[in-house]
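here is my input; please provide its structure:
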Amino acid sequence: MKAPAECLDMADIRAGIDVLDRELVVLLARRVGYIDRAAEIKGAAGLPANIPARVEEVVAKVRGTAVDAGFDADLAERLWREMIGWSIAREERAMSDRKDG
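Numbering: from 1, shown residues only. Below you'll find the predicted structure:
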């Protein structure tokens, strides 16, 4: 994959973005594996899916990483808060299913 500065036309740009999109989806899918395991561990330990202090810790780390990478920290926070909300809902469903099943 070419670096952005090495791209000579829109085909090069699109090819690079397509590669990154695939890599991002694969990484997000791996992250979901950790979310699913967290639901198992939390359920067994009697912990809630939503632990606000941990949410804020994750958001702070993401903001710092974004700043270090030259990425918009506000956008990173919005994206992660959406992903965290989705993850908490997934954990809650999984924990509820285990109680019901």
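
so which helix or strand of the chain has the lowest pLDDT on average?
Every helix and strand in the chain was compared by mean pLDDT, DSSP states H and E; the lowest is helix 73-100, with a mean of 94.

packing partners of it?
Here helix 73-100 touches helix 10-45, helix 52-69, going by 3 or more CB pairs under 8 Å, 6 or more residues apart in numbering; DSSP states H and E. C-beta coordinates here come from the backbone N, C-alpha and C atoms, glycine included.

now the ones you listed in a markdown table, with mean neighbour count, distance to residue 81 and mean pLDDT?
Listed next are the helices and strands packed on helix 73-100 as a markdown table, based on neighbours: other CB atoms under 10 Å; distance: least, CB to CB, whole Å; pLDDT from 0 to 100:
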| stretch | mean neighbour count | distance to residue 81 | mean pLDDT |
| --- | --- | --- | --- |
| helix 10-45 | 12 | 15 | 97 |
| helix 52-69 | 13 | 7 | 98 |
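
make a markdown table from those helices and add distance to residue 90 to it.
Output for the helices and strands packed on helix 73-100, formatted as a markdown table (distance: least, CB to CB, whole Å):
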| stretch | distance to residue 90 |
| --- | --- |
| helix 10-45 | 6 |
| helix 52-69 | 14 |
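
which of these sits closest to residue 4?
helix 10-45 (6.9 Å; CB to CB).

just want the angle from that closest one to helix 52-69.
160 degrees (axes from the mean of the first three to the mean of the last three CA atoms, to 10 degrees).

distance from helix 10-45 to the middle of the chain?
7 Å (CA atoms, centre = their mean, to the nearest Å).

looking at the helices and strands packed on helix 73-100, which is nearest to residue 83?
helix 10-45 (7.7 Å).

name the helices or strands packed onto that closest one?
Partner elements for helix 10-45 (3+ CB pairs under 8 Å, 6+ apart): helix 73-100.

next, the angle from the helix it packs on to helix 52-69.
150 degrees.

pretty sure residue 35 is touching residue 87, no?
Yes. The criterion here is CB atoms under 8 Å, and residue 35 meets it with residue 87 at 4.7 Å.
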